[in-house]
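>>> pasting the sequence and the predicted model now:
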Amino acid sequence: MAEQNDDSEKTEDPTQKKLDDALKKGDVAKSQEVSTWFAMLGTGLVVAIMAPGAAAALQDALRGYFVHAHEIPVDGPGLTELWKGTGARIAAILALPLLVLLFTALAGNMIQHSLVWSTERMKPKLNKISPAAGFKRLFSSESLVNFAKGLVKIAVVSGLMVAVLWPHRSEIDTMIFREPGVLLEETRALILQLIAAILAVMTVVAGVDYMYQRHKWFEKQKMTQHEVKEEYKQTEGDPLVKGKIRQLRMERSRKRMMAAVPDATVVVTNPTHYAVALRYEQGMQAPICVAKGIDQVALKIREIAKDNKVPVIENPPLARALHATIDIDQEVPEEQYRAVAEVIGFVYRMRERGSWRG
């Protein structure tokens with residue numbers, strides 16, 4: 001009941017991290033029917049293209065043993081060499097057909113998902129040897145579906161065999177009287193017809209089963225809202241903690257900014273909404289912004305400037321322009337050079353007259 005409740009609570013689509021973790025564990029969407037389809041295709045290719053050449057090569061390789069049977073040594077070393085030589089020749093003849101079968105078997109898996117190297121499936125798990133868990137799996141919905149699929153496949157294959165072979169029933173009855181070469185060729189033709197019929201039906205079955213397995217796997221990967229939140233905390237960090245850290249960083253940055261205001265050359269204001277503190281010394285290429293802000297921050301900058309006898313100049317257009325185009329510790333942009341130079345020149349003239357004393 002608890003498991004059913006958990007499944008019913010999995011309403012969120014899986015995140016990319018959840019899908020990647022499932023792939024690392026070897027948990028992928030896989031249809032056995034697709035693998036079977038590729039295995040049948042490989043068998044058909046081998047029978048249609050390679051079987052005649054392989055059969056002829058085997059015939060040539062083994063003919064000598066029958067023609068020269070009386071010359072074959074039967075002692076221990078002789079039989080050992082005979083088996084080695086025969087095995088090597090047979091392996092060389094069957095290597096290419098076996099490689100084709102191996103490739104199609106791998107293709108049946110690779111077309112469904114990328115290659116996965118995982119030892120997760122090989123790890124011992126107590127629930128796999130538990131009689132109760134085994135009994136539960138035996139009568140689970142998945143087992144029943146697989147059992148039904150097995151019955152359907154047996155029925156389909158049996159029906160196809162009857163449909164393909166029944167028209168040739170008279171030929172099959174007399175096959176025993178044919179020459180071996182003719183018998184093999186007719187058998188090969190019937191096998192190819194049967195494989196072609198099975199592939200035609202299995203194409204539909206494999207397609208439907210893959211979509212079903214994909215949907216079932218995706219539903220299994222779904223997450224609860226709690227799992228999504230926990231994963232977000234693990235990957236991105238707790239939002240509350242991140243917010244607190246961001247707040248602390250902003251406070252520290254603001255304190256450093258305010259500490260630089262007393263060293264400013266001038267503060268340009270709006271006069272109530274914007275404030276930008278600039279510092280300029282002889283030899284600098286351009287004035288640098290040491291502090292800026294709006295509303296309450298601007299008010300604090302003006303207060304610190306007045307307490308430290310830093311000139312505060314009201315120039316609303318320039319204050320708004322500087323606040324929008326310059327960041328802390330950046331030089332004044334070229335388009336503002338002239339206006340800023342006029343303000344700083346005015347401040348220097350006032351200091352020379354004694355109106356401001358920094």
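Received it, and whenever you're ready, just let me know what you need. The model shown is predicted, which means the values in this text are computed figures rather than measured ones. Numbers count the residues shown, from 1 in each chain.
>>> just the element for residue 267, please.
Applying DSSP states H and E as the criterion places residue 267 in strand 266-269.
>>> strands of the stretch 201-350 of the chain, start to end?
For the stretch 201-350 of the chain, the strands defined by DSSP state E, counting those that start in this stretch cover 266-269, 274-279, 288-294, 312-314.
>>> mind putting these into CSV with mean neighbour count and distance to residue 343?
From N, CA and C alone the C-beta is placed, and that goes for glycine too. Shown next, in CSV, are the strands of the stretch 201-350 of the chain (neighbours: other Cβ atoms under 10 Å; distance: least, Cβ to Cβ, whole Å):
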stretch, mean neighbour count, distance to residue 343
strand 266-269, 26, 6
strand 274-279, 26, 8
strand 288-294, 22, 13
strand 312-314, 16, 5
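>>> tell me which of the ones you listed sits nearest to residue 145.
Closest to residue 145 of the strands of the stretch 201-350 of the chain is strand 288-294 (Cβ to Cβ; 64.9 Å).
>>> give me the mean pLDDT for that closest one.
For strand 288-294, the mean per-residue pLDDT is 89.
>>> that older thread, could you export the strands of the stretch 201-350 of the chain to a markdown table, including columns for distance to residue 95?
What follows is the strands of the stretch 201-350 of the chain, written out as a markdown table (distance: least, Cβ to Cβ, whole Å):
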| stretch | distance to residue 95 |
| --- | --- |
| strand 266-269 | 84 |
| strand 274-279 | 80 |
| strand 288-294 | 76 |
| strand 312-314 | 90 |
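>>> residue 212 is nearest to which of the ones you listed?
strand 288-294 (59.4 Å).
>>> list of residues touching that closest one?
Strand 288-294 has contacts (Cβ atoms under 8 Å, 6 or more residues apart in numbering) with 257-258, 260-261, 263-264, 273-280, 300-301, 322-323, 326-332.
>>> and for residue 243, the neighbour number?
Neighbours of residue 243 under the rule other Cβ atoms under 10 Å: 11.
>>> on that earlier part again, now the contacts of strand 288-294: which count as buried?
With burial judged by 16 or more other Cβ atoms under 10 Å, the buried subset of the contacts of strand 288-294 is 257-258, 260-261, 264, 274-280, 300-301, 322-323, 326, 332.
>>> restricted to helices, list the contacts of strand 288-294.
With DSSP state H as the criterion, helices contain 257, 258, 260, 300, 301, 322, 323 from among those.
>>> for the stretch 251-358 of the chain, which spans come out with low pLDDT?
354-358 (pLDDT under 70).
>>> go with 80
Where the stretch 251-358 of the chain drops to pLDDT under 80, the residues are 271-272, 283, 351-358.
>>> these two touch, right, residue 278 and residue 344?
Yes - shown here, residue 278 and residue 344 form a contact pair, counting by Cβ atoms under 8 Å, at 7.4 Å.
>>> next, the residue nearest to residue 289 when sequence neighbours are not counted: phi, psi?
Nearest residue to residue 289, sequence neighbours excluded (Cβ to Cβ, 6 or more residues apart in numbering): residue 326, at 4.7 Å. With angles defined as degrees, to the nearest 10, residue 326 sits at phi -130, psi 140.
>>> got the contact list for residue 13?
For residue 13, the contact set (Cβ under 8 Å, 6+ apart) comprises 222, 223.
>>> give me that answer again for 7 Å
Taking Cβ atoms under 7 Å, 6 or more residues apart in numbering, we find residue 13 in contact with residue 222.
>>> quick check: phi and psi at the closest residue to residue 325 other than its chain neighbours.
Excluding its sequence neighbours, the residue lying closest to residue 325 (Cβ to Cβ, 6+ apart) is residue 333, at 5.4 Å. Backbone geometry at residue 333, expressed as degrees, to the nearest 10, gives phi -60, psi 160.
>>> residue 333: how many residues sit nearby?
When neighbours are defined as other Cβ under 10 Å, residue 333 has 13 of them.
>>> same check, this time on the one 4 residues further on
For residue 337, the number of neighbouring residues by other Cβ under 10 Å comes to 13.
>>> any idea how far residue 248 is from it?
Distance of residue 337 to residue 248, given as Cβ to Cβ, to the nearest Å: 36 Å.
>>> check residue 37 too.
Relative to residue 248, and taking Cβ to Cβ, residue 37 is found at 60 Å.
>>> where does the stretch 51-200 of the chain dip in pLDDT?
Those would be 51-52, 55-56, 58-83, 85-86, 113-146, 149, 168-186, if you go by pLDDT under 80 across the stretch 51-200 of the chain.
>>> repeat that with 70
Along the stretch 51-200 of the chain, the parts satisfying pLDDT under 70 run over 66-70, 74, 76, 78, 114-139, 180-181.
>>> strands of that one, start to end?
With DSSP E, counting those that start in this stretch as the definition, the stretch 51-200 of the chain shows no strands.
>>> now the helices for it?
In the stretch 51-200 of the chain, the helices defined using DSSP state H, counting those that start in this stretch lie at 51-67, 76-110, 126-129, 131-138, 141-165, 169-174, 180-221.
>>> out of those, which comes closest to residue 9?
Proximity to residue 9 (Cβ to Cβ) singles out helix 180-221 among these, at 12.8 Å.
>>> now do that closest one: distance to the chain's middle.
Remark: helix 180-221 is offset 29 Å from the chain centroid, using Cα atoms, centre = their mean, to the nearest Å.
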